[in-house]
Every structure is written in C-alpha cells, then in structure tokens.
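Engineer: take a look and give me a structure for this.
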Amino acid sequence: MALHEGDNFPEFALPNQDGETVKLSDFAGKWLVVYFYPKDDTPGCTIQGKSFTASKQDYEDAGVEVVGVSQDDVESHKFFCNKFAFTIDLLADTGHQLINAVGLKENERNGAKFWSRTSYVIDPQGVTRKIYQDVVPTGHEKVLLDDIKQLQAA
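Structural biologist: The predicted structure follows:
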C-alpha cells in the first residue's frame, strides 16, 4: 500500500553511514525531508547528495532536517559520503523495510531494477505533507525548501 499525503509517515530505525541508528522519533517536533534514491555513487544520486549538502544550512535555518535512503549498505553509504564530503545522513534500508512501508515503486532500465527517486516532506507531528515522485535531481532541493516554507507559513 502506498503512502499518501495526510498519512502518518511510517516509523523507522535504520543505520546511517556511520552505523548509528536513526529513528523517525529523532525528528519529533521538526520538519523532515526523507528522500529515496536508487544507488550510491551514480550520477543523479551524486547530484542530489551534493545539492542537499550545499543547501544544508538553508534547510537548518528553516528548521528542516534531511535524510537520504537507499537499499545500499552502511559501508557503501560511508564511501559515498566520504567521496563527496556529504554532510547529510544516508540511511541503509538493505531489508527494504521503509521502502516497502512507503510503497515505493520499482522501475527497470536496461535490465537493472531500481527504486523510484521519491521525496517525502514530513511535518513536526509526523504527518506526510507532500510527496514528490520520479524526482529530477537537479534543482529539486530548492523546490522542496520553497514548498516547505509555504507549508510552514500556512
């Protein structure tokens, strides 16, 4: 079952690139962006990670946290973060618990299967406020932040 706007975002407890467990409850009372991406160290995913790292202060100034999620493992996330000096957490969902809980769709290209690039905006009460599917990485972080600021002002 796919997650919809207005639904509570599913609880999760996943390891980040340093092997530390990150839980939804860690963000209680804060706005949160959870973005799902196909694979570490690929072109679009690198653009996205760099963009969120470059705009991290703008997000923090707006009271918003950002985490990325893929099915890659902790070791892969650590390499990816170190290679590009990412300052955002990347969560390892190797068992697809959160991927399945939100109902991400799987795509196929050239015989390779991958999870759809999708972003979720979660409000301070844990409610899913916006969902972006089939995201184009370039400039997405700006659209997200502008939309969140509108939601915060409403």
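Engineer: assign a three-state SS to the most centrally placed residue in the chain, would you?
Structural biologist: Centroid-nearest residue in the chain, with C-alpha atoms, centre = their mean: residue 35, separated by 1.9 Å. At residue 35, secondary structure determined by DSSP: H, G, I helix; E, B strand; the rest coil is strand.
Engineer: which pLDDT value belongs to the nearest residue to it once chain neighbours are set aside?
Structural biologist: In space, not counting the residues next to it along the chain, residue 35 is nearest to residue 119; the distance is 4.2 Å by C-beta to C-beta, 6 or more residues apart in numbering. No exception for glycine: its C-beta is placed from N, CA and C like everyone else's. Looking at residue 119, its pLDDT is 93.
Engineer: residue 119 and residue 111, how far apart?
Structural biologist: 26 Å (C-beta to C-beta, to the nearest Å).
Engineer: so these two - more neighbours on which side?
Structural biologist: residue 119 (21 against 5; other C-beta atoms under 10 Å).
Engineer: so which helix or strand takes in the more buried one?
Structural biologist: Taking DSSP states H and E as the criterion, residue 119 maps to strand 118-122.
Engineer: can you list contacts of the next helix or strand after that strand?
Structural biologist: The C-terminal neighbour of strand 118-122 among helices and strands, as given by DSSP H and E, is strand 128-132. Here strand 128-132 makes contact (C-beta atoms under 8 Å, 6 or more residues apart in numbering) with 3-9, 118-123, 140, 143-144, 147-148, 151.
Engineer: residues of the lengthiest helix in the chain that come out buried?
Structural biologist: Counting by DSSP state H, the longest helix found in the chain is helix 140-153. Buried residues in helix 140-153, counting neighbours by 16 or more other C-beta atoms under 10 Å, are found at 140-141, 144-145, 148.
Engineer: regarding residue 67, what is its secondary structure?
Structural biologist: strand.
Engineer: ok, it to residue 98 distance?
Structural biologist: The gap separating residue 67 from residue 98 is 10 Å, by C-beta to C-beta.
Engineer: repeat for residue 8
Structural biologist: Using C-beta to C-beta, residue 8 is found at 13 Å from residue 98.
Engineer: and for residue 51?
Structural biologist: 22 Å.
Engineer: need the overlap of contacts for residue 67 and residue 98.
Structural biologist: Contacts common to residue 67 and residue 98, judged by C-beta under 8 Å, 6+ apart, are residue 91.
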